[in-house]
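> requesting a structural model of the entry that follows:
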Amino acid sequence: MVERKHEREFVRTFFTSPTALQGEEDSAKMIRSAGQLRGMQAPDVWVPDNEDATAPSMREEGVDNIIEVVSEQGADFPGEIHPRVVWHRDSPSTRYQGFQQMLRIMDPENGAAEHIDGFVIPEVGGIDDWKKADEFLTIIENEYGFEEGSIKMSVIIESGLSELAMGELPDEMVKRTNNMERMFLLVDGEVDYTKDMRAITPSGDLPPWPELRHNTSRGASAAGLIAVDGPFDDIRDVEGYRERMTENQAKGMLGIWSLTPGQVVEANKSPLPPKEGSWRLDVGDTTVELDEEDGRQVYRGDQLSLEESGDGYVLTAGGERHELDEDELSEELLDLAQYIPSMDDIVDSMEEFEAAREGGTGAIAMERSATIVIDDVEVEISNDRMWDEATYQAAMTPISLFQDVYENRPDQHEELEEMYGEDIVERATNVGA
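Okay, here's the model as predicted:
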């Protein structure tokens, strides 16, 4: 069985920045700026990118810049630092170049090694290719006297071969003949994956590749690693970025590539529970968030209408009329409604279950109710949800994420307390202990 080697359990943000810019007075200005990010603008993992983001002619200078900037700023950077080096499954010379880049960066005499947490290896192929990168890192550790396996290794899934290789990880990582337990992140690279798969779309846009994201999340879960989605190129489409993250989170992929500090902020906050709870109605193919007014949840869309009729009601949805009595109407709206719990709600429920469990009760009912208003007609809805140990453990995931963030990102403490309040933050850090 694979046991996690690294303390960090979650990575929300994977932020790349070019290591050297051609024609600039300070070719390192992008990584110099990135190294100064703090709070919610700073990623969990910062990737000085000496591969795709840096022109081939600038990569030697890029290594020098990584060494200079990380030596100067690495001690104060609040996240982990994982440079991306060159690599390719079909090119021994490129792999050797990547080895040389890592060897230079990790030379203790250059001053950057103590702040480097690991490396990102792109364009990997089958599992034997992953093991070559692992062997290079083992050589570097022995060359400079580091503990074997102490340098983390993350890979970018950019080919069918690397996608299939994820299934072999659990068996490989427990072998004493390698140091593959150093593995940390599995990151999707949909652009090169599309090229490798020879995929075509009418518009020329990237396919969404939900299968790849599912497989990467599954591979990470099986091997005790962390899954990260690839870049979302339309940096102005904030809503699209949020929708992508919501889809990913339902697959267990809580991390995503970020291309700008603005995307970093969105991705840092996205998987955290909201400050306020909210009610929504699923109407047709859309989900409408209800407005809270005086403790009531008001629907303002035009796809539902409701009126009283004699002793009952007429609900019109999608052009269809439904004559319902009070209980039937309540049940109908209950089927359409969903509640998004706040951090306070989740902590309350977990504390209540913990108290019941300590008292010898294995399952309890949690009630959720609301007054929904459609066309000035009020309807009461209510349901009971049974909480048992399995429900409790599932609810623990967002709390575990919060606790991991709070432990590893002290630079975000002030912003988290502003979001939730000191009392809720304290309770959230203690629940489940």
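> now the terminal residues of stretch 206-215, how far apart.
The straight-line separation of the ends of stretch 206-215 (C-alpha to C-alpha, to the nearest Å) is 18 Å.
> name the residues of that stretch that are buried.
For stretch 206-215, the neighbour count (16 or more other C-beta atoms under 10 Å) marks 209, 212, 213, 215 as buried. All C-beta atoms are positioned from the backbone trio N, CA, C, and that covers glycine.
> what's that stretch in contact with?
157, 163, 166, 188, 190-191, 193-194, 199, 201, 227, 229, 247-248, 251, 253 (C-beta atoms under 8 Å, 6 or more residues apart in numbering).
> which of these has the most neighbours?
residue 157 (29 neighbours; other C-beta atoms under 10 Å).
> so that residue sits against residue 216, correct?
Yes - assessed by C-beta atoms under 8 Å, residue 157 is found in contact with residue 216 at 5.7 Å.
> common neighbours of those two, please.
163, 166, 186, 187, 188.
> go ahead and confirm the third one touches residue 225.
Yes - shown here, residue 186 and residue 225 form a contact pair, counting by C-beta under 8 Å, at 5.5 Å.
> which one of these two is surrounded by more residues?
Taking other C-beta under 10 Å, residue 186 and residue 225 do not tie; residue 186 has more neighbours (27 against 24).
> quick check, that one in a strand?
Yes - counting by DSSP: H, G, I helix; E, B strand; the rest coil, residue 186 is part of a strand.
> going forward, begin numbering at 689 instead of 1
Let's use 689 as the start, then, which means that last one is residue 874.
> ok, it - contacts?
842, 843, 845, 854, 904, 907, 908, 911, 913, 914, 915, 916.
> could you count how many residues lie near the fifth one?
By other C-beta under 10 Å, 28 other residues sit near residue 904.
> next SSE after the helix or strand containing it?
Element membership of residue 904 [criterion: DSSP states H and E] is helix 898-911. Heading C-terminal from helix 898-911, the first helix or strand you meet, by DSSP H and E, is strand 914-917.
> roughly how far is that following strand from the heart of the chain?
Centre-to-centre, strand 914-917 and its host chain are 6 Å apart (C-alpha atoms, centre = their mean, to the nearest Å).
> in its sheet, which strands sit next to that strand, and in what direction?
strand 871-876 (parallel), strand 943-946 (parallel) (DSSP bridges).
> helices or strands next to whichever helix or strand comes after the shortest one in the packing?
With elements assigned by DSSP H and E, the helix or strand that comes after strand 943-946 is helix 949-957. Judged by 3 or more C-beta pairs under 8 Å, 6 or more residues apart in numbering; DSSP states H and E, the packing partners of helix 949-957 are strand 701-706, helix 926-937, strand 943-946.
> what residues does helix 949-957 touch?
Against helix 949-957 from outside (C-beta under 8 Å, 6+ apart): 700-701, 703, 725, 728-732, 920, 923, 926, 929-930, 933, 943-944, 946, 1100.
> what of stretch 1096-1109?
Here stretch 1096-1109 has contacts from 696, 726-728, 730, 732, 766-767, 956, 960, 963, 1031-1032, 1090, 1093-1094, 1113, 1116, using C-beta under 8 Å, 6+ apart.
> and stretch 1087-1094, by the same measure?
With C-beta under 8 Å, 6+ apart as the criterion, stretch 1087-1094 contacts 696-698, 700, 942, 959-961, 1031, 1034-1035, 1038, 1100-1101, 1104, 1113, 1116-1117, 1119-1120.
> of the residues you listed, grab the buried ones for ChimeraX.
Only the buried entries of the contacts of stretch 1087-1094 go into this ChimeraX selection, using 16+ other C-beta under 10 Å:
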select :696,697,698,700,942,959,960,961,1031,1034,1035,1038,1100,1104,1113,1116,1117,1119,1120
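> then stretch 777-786 to PDB, C-alphas only?
What follows is stretch 777-786, C-alpha atoms only, in PDB (Å, rounded to 0.1, in the frame of the first residue of the first chain):
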ATOM      1  CA  ARG A 777       9.900  11.100 -23.400                       C
ATOM      2  CA  ASP A 778      11.300  10.700 -27.000                       C
ATOM      3  CA  SER A 779      14.500  12.800 -26.600                       C
ATOM      4  CA  PRO A 780      17.500  11.600 -24.600                       C
ATOM      5  CA  SER A 781      19.300  14.900 -25.200                       C
ATOM      6  CA  THR A 782      16.400  16.900 -23.800                       C
ATOM      7  CA  ARG A 783      16.300  14.700 -20.800                       C
ATOM      8  CA  TYR A 784      20.000  15.300 -20.300                       C
ATOM      9  CA  GLN A 785      19.500  19.000 -20.500                       C
ATOM     10  CA  GLY A 786      16.800  18.800 -17.900                       C
END
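> pLDDT (mean, whole number) over it?
Mean per-residue pLDDT for stretch 777-786: 98.
> re the thing from before, now the angle from the helix holding residue 904 to strand 871-876?
Orientation check (axes from the mean of the first three to the mean of the last three C-alpha atoms, to 10 degrees): helix 898-911 against strand 871-876 gives 170 degrees.
> quick one: helix 898-911 to chain centroid distance?
Counting by C-alpha atoms, centre = their mean, helix 898-911 comes out at 13 Å from the chain centroid.
> try stretch 889-902
Distance, centroid of stretch 889-902 to centroid of chain: 19 Å (C-alpha atoms, centre = their mean).
> swap in stretch 714-725?
24 Å.
> and if you look at stretch 857-871?
Worked out by C-alpha atoms, centre = their mean, stretch 857-871 lies 24 Å from the chain centre.
> could you do stretch 973-986 as well?
28 Å.
> can I get it in PDB? Just the C-alpha atoms.
Output in PDB follows, covering the C-alpha atoms of stretch 973-986 (Å, rounded to 0.1, in the frame of the first residue of the first chain):
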ATOM      1  CA  ASP A 973     -31.000  23.300 -17.500                       C
ATOM      2  CA  THR A 974     -30.100  26.300 -15.200                       C
ATOM      3  CA  THR A 975     -29.500  26.800 -11.500                       C
ATOM      4  CA  VAL A 976     -30.800  30.000 -10.100                       C
ATOM      5  CA  GLU A 977     -29.500  31.400  -6.800                       C
ATOM      6  CA  LEU A 978     -32.300  32.700  -4.500                       C
ATOM      7  CA  ASP A 979     -32.100  36.200  -2.900                       C
ATOM      8  CA  GLU A 980     -32.400  36.200   0.900                       C
ATOM      9  CA  GLU A 981     -34.800  38.800   2.200                       C
ATOM     10  CA  ASP A 982     -35.900  38.900   5.800                       C
ATOM     11  CA  GLY A 983     -35.000  35.300   6.300                       C
ATOM     12  CA  ARG A 984     -37.000  34.200   3.200                       C
ATOM     13  CA  GLN A 985     -35.500  32.900  -0.100                       C
ATOM     14  CA  VAL A 986     -36.900  34.800  -3.000                       C
END
